[in-house]
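[1] Here's a sequence, model it:
(4 chains)
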Protein chains: 2
Amino acid sequence: MKPTIRDVAKLAEVSISTVSRVMNAPHTVVESKRIRVMEAIAQLRYQPNGFARGLIYKKSYMLGLLIPDIENLYFSGVIRGMQDACIKLGYSLMICNTDRDKERLLSYIDAFYEKQVDGIVFASDVLYPEYYEKLVGCRIPFVLVSSHSDEFDVPSVEVDDEQAAYDAVRFLVELGHREIGMIGFNHDNSVSGPPRYNGFVRALTEAGLERNIVKARFANHRFEHAYHAAHELFGAYPELTAVFCVADEFAMGAVSYLKDRGILVPGQVSVIGFDNLRMASMFIPKLTTIAQPIYQLGYRAAEKLHELLSTGAVAVTREKMEHKLIVRESSRERA
Amino acid sequence: MKPTIRDVAKLAEVSISTVSRVMNAPHTVVESKRIRVMEAIAQLRYQPNGFARGLIYKKSYMLGLLIPDIENLYFSGVIRGMQDACIKLGYSLMICNTDRDKERLLSYIDAFYEKQVDGIVFASDVLYPEYYEKLVGCRIPFVLVSSHSDEFDVPSVEVDDEQAAYDAVRFLVELGHREIGMIGFNHDNSVSGPPRYNGFVRALTEAGLERNIVKARFANHRFEHAYHAAHELFGAYPELTAVFCVADEFAMGAVSYLKDRGILVPGQVSVIGFDNLRMASMFIPKLTTIAQPIYQLGYRAAEKLHELLSTGAVAVTREKMEHKLIVRESSRERA
DNA sequence: AATCCCAGTGAAAAGCTTTTCTCAAAGGAA
DNA sequence: TTCCTTTGAGAAAAGCTTTTCACTGGGATT
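    Okay, the predicted model is just below:
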């Protein structure tokens, strides 16, 4: 069996209180005993029982993370950032992958509740009233990352999707493109879908290219859907010389489609992505894209949650982080 | 504050024992009270305190997973499989990303110990004696996935790396290639590095192409390293018409390099990868590769750990899963 | 020399649940 | 009617740690 504090006390011939003090306030116990206790601890490889401590502290020093799709590199980055922040702040991290399944998400919240996580980071998904109710019902503090809520007053960290999309399309316009399409996220169940579309519309309107506004097709997070959307888009609008894709994975899907059709990227069509995944610079051609500070988003979300947990509030509720245009090889001036 | 079993008991006007029975053995309590209790539970949204239960059961129903690099799609797949198995088996999952850092890994084991995880899955890394000692010292059962140990008797699940590499190279030989190189894993700190190299050697030897054995360069998990390794390899052996890469990410690095040099894939050089990441079919050209059953590996590892936890032993210690050659576009018969 | 203070330590309670033990009441059999 | 069995339910202990409280003895103060 695992050794307990009693075993240590017995071996060191002191009371359990003394052992506890050696671990939590070493200076209050006289050196001779302290050494004896520490030797006993080392000898037995004693480590306090997390359950018992949790019961007392009413804290688990564990945070929960809910992500929609672990196979999306975007979230890997968020996880890394969050995990590093957790190490700094003294938390453990419990990561749950919902696969965008509502039931699953709800049951993960139950698991979090039962495991008594101190707080939850909720990534990239729409915060449905259902989720919100459940979370506040459980009295678990939480923050949103790459998401926000207009309906409820919930702390969040994200980039300015509208502005970022605007910048992407503006860039294409400045390259001289006049026929610009878009592959966006389906608007239902999507947080960033609408604002990114709005950014697209605003940039086009500003440039007097309103005729392009209809040239958008929508897809569902995955490469294959984007491939299909590209097929529809270029089928309907073969005149396009540039596409704005709201995710790097979509950009890859679009490039793949164009390649299969024998259309050169960036020779005939420029493609710009969004996210700046690690893969963006590995793809051929390397993707021009709007970079999100993915790692920092995760890091900051954990910090913000910590702030919420320790002070009970948060200085700024809806926090924006900077995006940045990164020009690589998938875009070019219009011939 | 979170409601406790006392609050429920008070509201339902029964003893706490009765409440507990309603939750754990409902048929032993008379219907009238049972209903009252269940209403009280629903009303208060009561959920038992995991700490208190853990203290009694001496189980957390939580498994730990140690992975070297969360940004590697290989591990995302393993995680998905493992998480699905965990749901089926009633475990929660705590995922820790070591970033291949020894200190970090060791401190995660401490965290697991303190959180009283029931068992650990250790992914893709060499099981150093240091780790082994610590794990057995903590009396935490564990299994290896995509790894194994010759030194210790530890349950593991993986593919047959040597045979898989052999199959890959054999395939290139059968395509008529006679000048075949390899980009492998650095052998130090690598589990699959040596066997995959051995498979390469065996296939070449069998085909009477021993002269190619020296045509191998080694890299460190990441795309950029593989790019660099490709540079060295083709610098030294420009006659190569095929390369075996021990990871899809390496294959992408190699293709990138060749592309930058103006060498056509598969026109002039065939490239075969390993893993069959989701990305392999998104890349241009789509990668020919040796598929590992990544999801199943993770799934099976969790099942195996469960077996170990519930029966105290495991039917077969070193378990192999099937690999499979998947031919796509990055390979071609030698002209 | 008497009093006070303080450092150091042990005993005990608290935190929440499950489970065992005990008890009471009800129902059935003789 | 009485005794036994069965069913249902409460009291209490156990699981492990932290923390509060109380006690002891030694040093300092007056």
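[2] hey, let's count contacts and neighbours off CA atoms from now on
    Fine.
[3] Can you name the residues of chain A that neighbour DNA strand C?
    A:13-18, A:27-30, A:33, A:52-53, A:55-56 (C-alpha under 7 Å from any atom of the strand).
[4] Do a quick rundown of the helices in the stretch 1-150 of chain A.
    Remark: helices assigned in the stretch 1-150 of chain A by DSSP state H, counting those that start in this stretch are A:5-12, A:16-24, A:31-44, A:50-57, A:73-89, A:102-114, A:129-137.
[5] thinking again about what came up before, and the residues of chain A next to DNA strand C, which two are the farthest apart?
    Farthest pair in the residues of chain A next to DNA strand C (C-alpha to C-alpha) is A:Val30 and A:Leu55. Separation: 28.5 Å.
[6] Comparing these two, which shows the higher neighbour count?
    Of the pair A:Val30 and A:Leu55, A:Leu55 is the one with more neighbours under other C-alpha atoms under 10 Å in any protein chain shown, namely 16 against 11.
[7] Could I get the full set of strands for chain A?
    Under the criterion DSSP state E, strands of chain A are mapped to A:62-67, A:92-97, A:119-123, A:142-145, A:156-159, A:180-185, A:216-219, A:242-245, A:270-275, A:288-291, A:318-321, A:324-326.
[8] Count the neighbours of A:Asp69 for me.
    Neighbours around A:Asp69, by other C-alpha under 10 Å: 20.
[9] What residues does it make contact with?
    A:Phe75, A:Asn97, A:Thr98, A:Asp99, A:Arg100 (C-alpha atoms under 8 Å, 6 or more residues apart in numbering or on different chains).
[10] So which of those residues reach chain B?
    The overlap between those and the neighbours of chain B (C-alpha under 8 Å from any C-alpha of the partner chain) comes to A:Asn97.
[11] ok, the contacts of A:Asp69 vs chain B, which is closest?
    Nearest to chain B out of the contacts of A:Asp69 is A:Asn97 (C-alpha to the nearest C-alpha; 7.6 Å).
[12] just to revisit the earlier point, write a ChimeraX command that selects only the buried members of the residues of chain A next to DNA strand C.
    To isolate the buried ones among those in ChimeraX, judged by 16 or more other C-alpha atoms under 10 Å in any protein chain shown, type:
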select /A:13,14,16,18,33,55
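[13] Quick check: which of the residues of chain A next to DNA strand C are also close to DNA strand D?
    A:Ile16, A:Ser17, A:Ala52, A:Arg53, A:Ile56.
[14] so which of those residues comes closest to A:Leu172?
    A:Arg53 (57.2 Å).
[15] Check the closest one and give its pLDDT.
    In the predicted model, A:Arg53 carries a pLDDT score of 93.
[16] who touches it in this structure?
    By C-alpha under 8 Å, 6+ apart, A:Arg53 has no neighbours at all.
[17] That one and A:Ile16: what is the separation?
    14 Å (C-alpha to C-alpha, to the nearest Å).
[18] how near is the closest residue to DNA strand C within the stretch 201-335 of chain A to A:Leu144?
    Of all residues in the stretch 201-335 of chain A, A:Leu309 sits closest to DNA strand C, at 18.3 Å by C-alpha to the nearest atom of the strand. For A:Leu309, the distance to A:Leu144 equals 14 Å [C-alpha to C-alpha].
[19] Over to A:Gln268?
    A:Gln268 is 40 Å from A:Leu144, by C-alpha to C-alpha.
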